[in-house]
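Asks: From the sequence below, what's the structure:
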Amino acid sequence: DEGTSAALALRSLGTIARNAADDIHPPLYYWLLALWVRLTGTSEFALRSLSVLLGIGAVALTMWLARRWFSERTALLAGLLAAVSPLAVYYSQEARMYIPVTFFGVAATCALARVLPVVEIERPLRVRALALYGVLTLAMLYSHYYAATLLVTHNLAFLAWVWLRRPIERPRSTRDIRRQIGAWALTQAIIMACYVPWLAYAWHTIRYWPSISAPFTLEQLVLRLAQVLPLGITVHTSTWTLATGMAMAALALLGLTRPAESTVGQVEKAGRSKVRASRWWPVVTAALYAAVPVGAMYAASLRRPMYNPKFLLLATPAYGLLLARGLEALTSVARRL
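Replies: All right, here's what the predicted structure looks like:
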(Lines give C-alpha, C1' and ligand atoms only; values in the text may rest on other atoms or scores of the structure.)
Protein backbone atom coordinates (compact mmCIF):
# COMPACT_ATOMS: atom_id res chain seq x y z
CA ASP A 1 0.00 0.00 0.00
CA GLU A 2 2.82 2.40 0.79
CA GLY A 3 4.31 1.52 -2.59
CA THR A 4 1.06 2.67 -4.19
CA SER A 5 1.33 5.97 -2.30
CA ALA A 6 4.94 6.44 -3.39
CA ALA A 7 4.10 5.71 -7.04
CA LEU A 8 1.05 7.96 -7.19
CA ALA A 9 2.87 10.84 -5.51
CA LEU A 10 5.11 11.19 -8.58
CA ARG A 11 2.22 11.56 -11.04
CA SER A 12 0.21 14.59 -12.13
CA LEU A 13 -2.82 15.66 -10.10
CA GLY A 14 -5.22 14.57 -12.85
CA THR A 15 -3.59 11.16 -13.19
CA ILE A 16 -3.67 10.77 -9.41
CA ALA A 17 -7.44 11.41 -9.38
CA ARG A 18 -8.06 8.77 -12.06
CA ASN A 19 -5.80 6.19 -10.42
CA ALA A 20 -7.16 6.87 -6.92
CA ALA A 21 -10.70 6.21 -8.13
CA ASP A 22 -9.54 2.80 -9.38
CA ASP A 23 -7.79 2.14 -6.05
CA ILE A 24 -11.00 2.68 -3.96
CA HIS A 25 -9.75 5.89 -2.35
CA PRO A 26 -10.54 9.57 -2.81
CA PRO A 27 -7.59 11.60 -4.10
CA LEU A 28 -6.83 14.24 -1.45
CA TYR A 29 -4.13 12.35 0.46
CA TYR A 30 -2.32 11.48 -2.76
CA TRP A 31 -2.51 15.12 -3.87
CA LEU A 32 -1.07 16.29 -0.55
CA LEU A 33 1.66 13.66 -0.72
CA ALA A 34 2.50 14.69 -4.28
CA LEU A 35 3.06 18.27 -3.11
CA TRP A 36 4.92 17.05 -0.03
CA VAL A 37 7.47 14.91 -1.87
CA ARG A 38 8.27 17.79 -4.18
CA LEU A 39 9.46 19.63 -1.07
CA THR A 40 11.00 16.76 0.92
CA GLY A 41 12.00 14.07 -1.58
CA THR A 42 10.97 10.42 -1.85
CA SER A 43 12.94 8.74 0.93
CA GLU A 44 11.10 6.59 3.48
CA PHE A 45 11.41 9.42 6.00
CA ALA A 46 10.02 11.96 3.55
CA LEU A 47 7.09 9.79 2.48
CA ARG A 48 6.10 8.97 6.05
CA SER A 49 6.81 12.34 7.64
CA LEU A 50 3.54 13.83 6.36
CA SER A 51 1.62 11.25 8.40
CA VAL A 52 3.88 11.88 11.40
CA LEU A 53 3.15 15.61 11.35
CA LEU A 54 -0.59 15.12 10.92
CA GLY A 55 -0.56 12.55 13.72
CA ILE A 56 1.04 15.13 16.01
CA GLY A 57 -1.54 17.64 14.83
CA ALA A 58 -4.34 15.22 15.73
CA VAL A 59 -2.97 15.06 19.30
CA ALA A 60 -2.99 18.86 19.56
CA LEU A 61 -6.52 19.11 18.18
CA THR A 62 -7.75 16.41 20.56
CA MET A 63 -6.40 18.52 23.43
CA TRP A 64 -8.09 21.65 22.04
CA LEU A 65 -11.42 19.82 21.74
CA ALA A 66 -11.15 18.45 25.29
CA ARG A 67 -10.39 21.93 26.63
CA ARG A 68 -13.25 23.47 24.65
CA TRP A 69 -15.80 20.93 25.83
CA PHE A 70 -14.55 19.93 29.26
CA SER A 71 -11.56 21.21 31.23
CA GLU A 72 -7.81 21.78 31.26
CA ARG A 73 -7.28 18.54 33.17
CA THR A 74 -9.31 16.58 30.61
CA ALA A 75 -7.26 18.19 27.83
CA LEU A 76 -3.96 17.12 29.40
CA LEU A 77 -5.16 13.55 29.99
CA ALA A 78 -6.69 13.26 26.52
CA GLY A 79 -3.54 14.64 24.92
CA LEU A 80 -1.38 12.13 26.79
CA LEU A 81 -3.63 9.23 25.81
CA ALA A 82 -3.67 10.36 22.17
CA ALA A 83 0.11 10.75 22.10
CA VAL A 84 0.80 7.22 23.38
CA SER A 85 -2.06 5.45 21.58
CA PRO A 86 -0.41 2.35 20.01
CA LEU A 87 -2.94 2.31 17.17
CA ALA A 88 -2.38 5.98 16.30
CA VAL A 89 1.41 5.77 16.68
CA TYR A 90 1.52 2.74 14.37
CA TYR A 91 -0.42 4.40 11.55
CA SER A 92 1.32 7.76 12.06
CA GLN A 93 4.39 6.00 10.66
CA GLU A 94 2.66 4.77 7.50
CA ALA A 95 2.51 6.61 4.20
CA ARG A 96 -1.22 6.18 3.83
CA MET A 97 -4.34 8.26 4.38
CA TYR A 98 -5.55 6.79 7.67
CA ILE A 99 -3.90 9.28 10.00
CA PRO A 100 -4.58 12.22 7.64
CA VAL A 101 -8.30 11.40 7.62
CA THR A 102 -8.20 11.13 11.42
CA PHE A 103 -6.57 14.57 11.55
CA PHE A 104 -9.19 16.11 9.26
CA GLY A 105 -11.93 14.33 11.21
CA VAL A 106 -10.92 15.78 14.57
CA ALA A 107 -10.27 19.16 12.90
CA ALA A 108 -13.81 19.16 11.47
CA THR A 109 -15.15 18.22 14.91
CA CYS A 110 -13.22 21.13 16.45
CA ALA A 111 -14.83 23.39 13.86
CA LEU A 112 -18.21 21.91 14.81
CA ALA A 113 -17.48 22.82 18.44
CA ARG A 114 -16.97 26.44 17.32
CA VAL A 115 -20.06 26.45 15.11
CA LEU A 116 -22.45 25.23 17.80
CA PRO A 117 -22.40 27.41 20.93
CA VAL A 118 -23.17 25.70 24.23
CA VAL A 119 -24.39 28.78 26.10
CA GLU A 120 -25.29 31.59 23.68
CA ILE A 121 -28.41 30.13 22.08
CA GLU A 122 -29.46 33.44 20.50
CA ARG A 123 -26.16 33.91 18.69
CA PRO A 124 -26.52 33.07 14.97
CA LEU A 125 -24.23 30.43 13.53
CA ARG A 126 -21.18 32.30 12.27
CA VAL A 127 -20.60 32.23 8.52
CA ARG A 128 -16.81 31.97 8.88
CA ALA A 129 -17.10 29.12 11.36
CA LEU A 130 -19.53 27.30 9.06
CA ALA A 131 -17.22 27.87 6.08
CA LEU A 132 -14.25 26.45 8.00
CA TYR A 133 -16.35 23.47 9.06
CA GLY A 134 -17.40 22.87 5.46
CA VAL A 135 -13.82 22.99 4.13
CA LEU A 136 -12.50 20.62 6.81
CA THR A 137 -15.42 18.23 6.33
CA LEU A 138 -14.76 18.09 2.59
CA ALA A 139 -11.07 17.45 3.29
CA MET A 140 -12.13 14.58 5.53
CA LEU A 141 -14.51 13.13 2.94
CA TYR A 142 -11.96 13.47 0.14
CA SER A 143 -9.38 11.61 2.25
CA HIS A 144 -11.32 8.38 2.87
CA TYR A 145 -14.83 7.14 2.14
CA TYR A 146 -15.32 5.89 5.68
CA ALA A 147 -15.15 9.50 6.88
CA ALA A 148 -18.82 9.70 5.88
CA THR A 149 -19.51 8.11 9.27
CA LEU A 150 -18.23 11.28 10.94
CA LEU A 151 -20.50 13.39 8.76
CA VAL A 152 -23.37 11.28 10.12
CA THR A 153 -21.97 11.83 13.62
CA HIS A 154 -21.94 15.60 13.17
CA ASN A 155 -25.53 15.67 11.97
CA LEU A 156 -26.68 13.52 14.88
CA ALA A 157 -24.75 15.84 17.19
CA PHE A 158 -26.54 18.83 15.66
CA LEU A 159 -29.91 17.19 16.29
CA ALA A 160 -28.87 16.48 19.88
CA TRP A 161 -27.82 20.14 20.23
CA VAL A 162 -31.23 21.33 19.04
CA TRP A 163 -33.02 18.89 21.35
CA LEU A 164 -31.02 19.71 24.45
CA ARG A 165 -31.33 23.43 23.81
CA ARG A 166 -35.03 23.43 22.99
CA PRO A 167 -36.48 26.60 24.53
CA ILE A 168 -37.91 26.33 28.01
CA GLU A 169 -38.24 29.96 29.02
CA ARG A 170 -38.40 32.25 25.97
CA PRO A 171 -40.54 31.70 22.84
CA ARG A 172 -38.19 33.93 20.80
CA SER A 173 -35.58 31.17 21.06
CA THR A 174 -37.74 29.04 18.76
CA ARG A 175 -37.18 31.50 15.90
CA ASP A 176 -33.45 31.56 16.65
CA ILE A 177 -33.25 27.78 16.49
CA ARG A 178 -35.13 27.70 13.18
CA ARG A 179 -32.62 30.10 11.66
CA GLN A 180 -29.75 27.99 12.97
CA ILE A 181 -31.30 24.84 11.52
CA GLY A 182 -31.58 26.59 8.15
CA ALA A 183 -27.93 27.68 8.22
CA TRP A 184 -26.83 24.15 9.14
CA ALA A 185 -28.96 22.54 6.42
CA LEU A 186 -27.55 24.92 3.80
CA THR A 187 -23.99 24.07 4.87
CA GLN A 188 -24.71 20.35 4.57
CA ALA A 189 -26.24 20.86 1.13
CA ILE A 190 -23.12 22.70 -0.07
CA ILE A 191 -20.88 19.94 1.32
CA MET A 192 -22.85 17.27 -0.53
CA ALA A 193 -22.91 19.33 -3.74
CA CYS A 194 -19.10 19.44 -3.63
CA TYR A 195 -18.75 15.72 -2.83
CA VAL A 196 -21.40 14.03 -4.98
CA PRO A 197 -19.52 14.62 -8.29
CA TRP A 198 -16.60 12.58 -6.99
CA LEU A 199 -18.93 9.82 -5.77
CA ALA A 200 -20.56 9.70 -9.20
CA TYR A 201 -17.13 9.48 -10.84
CA ALA A 202 -15.91 6.65 -8.59
CA TRP A 203 -19.23 4.93 -7.93
CA HIS A 204 -18.61 1.85 -10.09
CA THR A 205 -15.43 0.99 -8.17
CA ILE A 206 -17.07 1.68 -4.80
CA ARG A 207 -20.10 -0.44 -5.61
CA TYR A 208 -18.23 -3.49 -6.82
CA TRP A 209 -15.27 -3.48 -4.45
CA PRO A 210 -15.08 -6.95 -2.84
CA SER A 211 -15.34 -7.78 0.86
CA ILE A 212 -12.19 -7.00 2.83
CA SER A 213 -12.70 -9.36 5.77
CA ALA A 214 -14.35 -12.57 6.84
CA PRO A 215 -17.88 -12.28 8.27
CA PHE A 216 -18.03 -11.44 11.97
CA THR A 217 -20.62 -10.99 14.70
CA LEU A 218 -21.26 -7.90 16.81
CA GLU A 219 -19.76 -9.70 19.81
CA GLN A 220 -16.58 -10.48 17.86
CA LEU A 221 -16.34 -6.85 16.73
CA VAL A 222 -16.68 -5.55 20.29
CA LEU A 223 -14.03 -7.97 21.60
CA ARG A 224 -11.61 -7.07 18.80
CA LEU A 225 -12.03 -3.35 19.33
CA ALA A 226 -11.72 -3.69 23.09
CA GLN A 227 -8.15 -4.82 22.43
CA VAL A 228 -7.29 -2.82 19.31
CA LEU A 229 -8.29 0.66 20.53
CA PRO A 230 -6.17 0.66 23.73
CA LEU A 231 -3.37 -1.74 22.71
CA GLY A 232 -3.08 -1.49 18.92
CA ILE A 233 -2.78 -4.20 16.28
CA THR A 234 0.64 -5.62 17.18
CA VAL A 235 -0.39 -7.46 20.37
CA HIS A 236 -1.47 -11.08 20.40
CA THR A 237 -4.91 -11.91 21.72
CA SER A 238 -4.68 -13.30 25.23
CA THR A 239 -6.55 -13.27 28.51
CA TRP A 240 -4.38 -10.35 29.66
CA THR A 241 -4.96 -8.20 26.57
CA LEU A 242 -8.69 -8.94 26.64
CA ALA A 243 -8.95 -8.08 30.34
CA THR A 244 -6.97 -4.88 29.82
CA GLY A 245 -9.12 -3.87 26.88
CA MET A 246 -12.37 -4.54 28.72
CA ALA A 247 -11.15 -2.54 31.74
CA MET A 248 -10.30 0.40 29.44
CA ALA A 249 -13.70 0.11 27.75
CA ALA A 250 -15.39 0.19 31.17
CA LEU A 251 -13.38 3.31 32.01
CA ALA A 252 -14.52 4.98 28.78
CA LEU A 253 -18.14 4.11 29.60
CA LEU A 254 -17.63 5.65 33.03
CA GLY A 255 -16.64 8.84 31.23
CA LEU A 256 -20.16 9.01 29.80
CA THR A 257 -21.58 9.49 33.30
CA ARG A 258 -19.58 12.68 33.95
CA PRO A 259 -21.10 15.84 32.44
CA ALA A 260 -19.07 18.84 31.43
CA GLU A 261 -18.49 21.38 34.15
CA SER A 262 -20.84 24.37 34.13
CA THR A 263 -19.42 27.46 35.78
CA VAL A 264 -21.30 29.43 38.42
CA GLY A 265 -21.63 32.28 35.94
CA GLN A 266 -23.25 30.03 33.38
CA VAL A 267 -25.74 28.72 35.92
CA GLU A 268 -26.66 32.25 37.05
CA LYS A 269 -26.94 33.86 33.60
CA ALA A 270 -28.33 31.03 31.48
CA GLY A 271 -31.70 29.34 31.50
CA ARG A 272 -32.18 25.66 32.20
CA SER A 273 -31.99 24.66 28.53
CA LYS A 274 -28.62 26.39 28.14
CA VAL A 275 -27.10 24.79 31.22
CA ARG A 276 -28.43 21.39 30.19
CA ALA A 277 -26.82 21.75 26.75
CA SER A 278 -23.51 23.06 28.08
CA ARG A 279 -23.22 20.13 30.50
CA TRP A 280 -24.45 17.19 28.42
CA TRP A 281 -24.10 18.04 24.71
CA PRO A 282 -20.28 17.55 24.71
CA VAL A 283 -20.74 14.15 26.37
CA VAL A 284 -23.41 13.09 23.88
CA THR A 285 -21.29 14.25 20.94
CA ALA A 286 -18.17 12.44 22.22
CA ALA A 287 -20.27 9.26 22.60
CA LEU A 288 -21.56 9.58 19.03
CA TYR A 289 -18.04 10.29 17.78
CA ALA A 290 -16.85 7.02 19.32
CA ALA A 291 -19.87 4.85 18.56
CA VAL A 292 -21.08 5.77 15.05
CA PRO A 293 -17.96 4.54 13.15
CA VAL A 294 -18.15 1.23 15.05
CA GLY A 295 -21.88 0.82 14.50
CA ALA A 296 -21.57 1.73 10.83
CA MET A 297 -18.86 -0.88 10.34
CA TYR A 298 -21.12 -3.57 11.78
CA ALA A 299 -24.18 -2.43 9.81
CA ALA A 300 -22.28 -2.23 6.50
CA SER A 301 -20.70 -5.61 7.13
CA LEU A 302 -24.08 -7.34 7.25
CA ARG A 303 -24.01 -7.10 3.45
CA ARG A 304 -20.28 -6.95 2.65
CA PRO A 305 -17.85 -7.70 5.53
CA MET A 306 -15.44 -4.78 6.01
CA TYR A 307 -13.74 -5.13 9.38
CA ASN A 308 -10.48 -3.22 9.41
CA PRO A 309 -9.19 -1.54 12.58
CA LYS A 310 -7.46 1.25 10.67
CA PHE A 311 -10.86 2.54 9.56
CA LEU A 312 -11.69 3.08 13.22
CA LEU A 313 -8.78 5.45 13.77
CA LEU A 314 -11.49 8.04 13.11
CA ALA A 315 -12.96 7.24 16.53
CA THR A 316 -9.70 7.33 18.53
CA PRO A 317 -9.90 11.04 19.51
CA ALA A 318 -13.34 10.45 21.05
CA TYR A 319 -12.09 7.29 22.74
CA GLY A 320 -9.29 9.33 24.31
CA LEU A 321 -11.75 11.98 25.48
CA LEU A 322 -14.00 9.40 27.13
CA LEU A 323 -11.04 7.64 28.73
CA ALA A 324 -9.83 10.96 30.13
CA ARG A 325 -13.28 11.68 31.56
CA GLY A 326 -13.41 8.16 33.02
CA LEU A 327 -10.02 8.65 34.69
CA GLU A 328 -11.23 11.93 36.16
CA ALA A 329 -14.35 10.24 37.51
CA LEU A 330 -12.27 7.43 38.99
CA THR A 331 -9.86 9.83 40.71
CA SER A 332 -12.80 11.85 42.08
CA VAL A 333 -14.25 8.70 43.65
CA ALA A 334 -10.82 7.76 45.03
CA ARG A 335 -10.41 11.19 46.62
CA ARG A 336 -13.80 10.92 48.34
CA LEU A 337 -12.83 7.55 49.73
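
Asks: Look at Trp240 and say how many residues are nearby.
Replies: Each residue near Trp240 was counted by other CB atoms under 10 Å, and the total is 11. Heads up, the C-betas are built off the backbone N, CA and C, glycines and all.

Asks: what's next to the one helix or strand it maps to, contact-wise?
Replies: Trp240 belongs to helix 239-255 when elements are defined using DSSP states H and E. Outside of helix 239-255, the residues within contact range by CB atoms under 8 Å, 6 or more residues apart in numbering are 223, 226-231, 235, 283, 286, 290, 319, 321-330.

Asks: Equivalent analysis for stretch 214-234, please.
Replies: Applying CB under 8 Å, 6+ apart, the external contacts of stretch 214-234 come out as 85-87, 89-90, 235, 237, 241-242, 244-246, 248-249, 294, 297-298, 301, 305, 307, 309, 312, 315-316, 319.

Asks: What about those, which are in helices?
Replies: Cross-referencing the contacts of stretch 214-234 against helices under DSSP state H gives 86-87, 89-90, 241-242, 244-246, 248-249, 294, 297-298, 301, 316, 319.

Asks: what's Trp280 in contact with, if anything?
Replies: By CB under 8 Å, 6+ apart, the contact list for Trp280 reads 164, 259-260.

Asks: quick one: average confidence on the helix or strand hosting it?
Replies: Element membership of Trp280 [criterion: DSSP H and E] is helix 272-301. Averaged across helix 272-301, the pLDDT comes to 83.

Asks: okay, the angle between it and helix 239-255?
Replies: For helix 272-301 and helix 239-255, the angle between their directions (axes from the mean of the first three to the mean of the last three CA atoms, to 10 degrees) works out to 150 degrees.

Asks: coming back round to it: so among the ones in helices among the contacts of stretch 214-234, which ones count as buried?
Replies: If you count burial by 16 or more other CB atoms under 10 Å, the buried members of the ones in helices among the contacts of stretch 214-234 come out as 87, 90, 241, 244-245, 248-249, 294, 297-298, 301, 316, 319.

Asks: Quick one: distance of stretch 100-110 to the chain centre.
Replies: Taking CA atoms, centre = their mean, to the nearest Å, the mean C-alpha location of stretch 100-110 is offset from the chain mean by 6 Å.

Asks: Please apply the same query to stretch 111-119.
Replies: How far stretch 111-119 lies from its chain's middle: 16 Å, per CA atoms, centre = their mean.

Asks: Could you number the chain from 52 rather than 1 from now on?
Replies: Sure thing, new numbering starts at 52, so read that last one as stretch 162-170.
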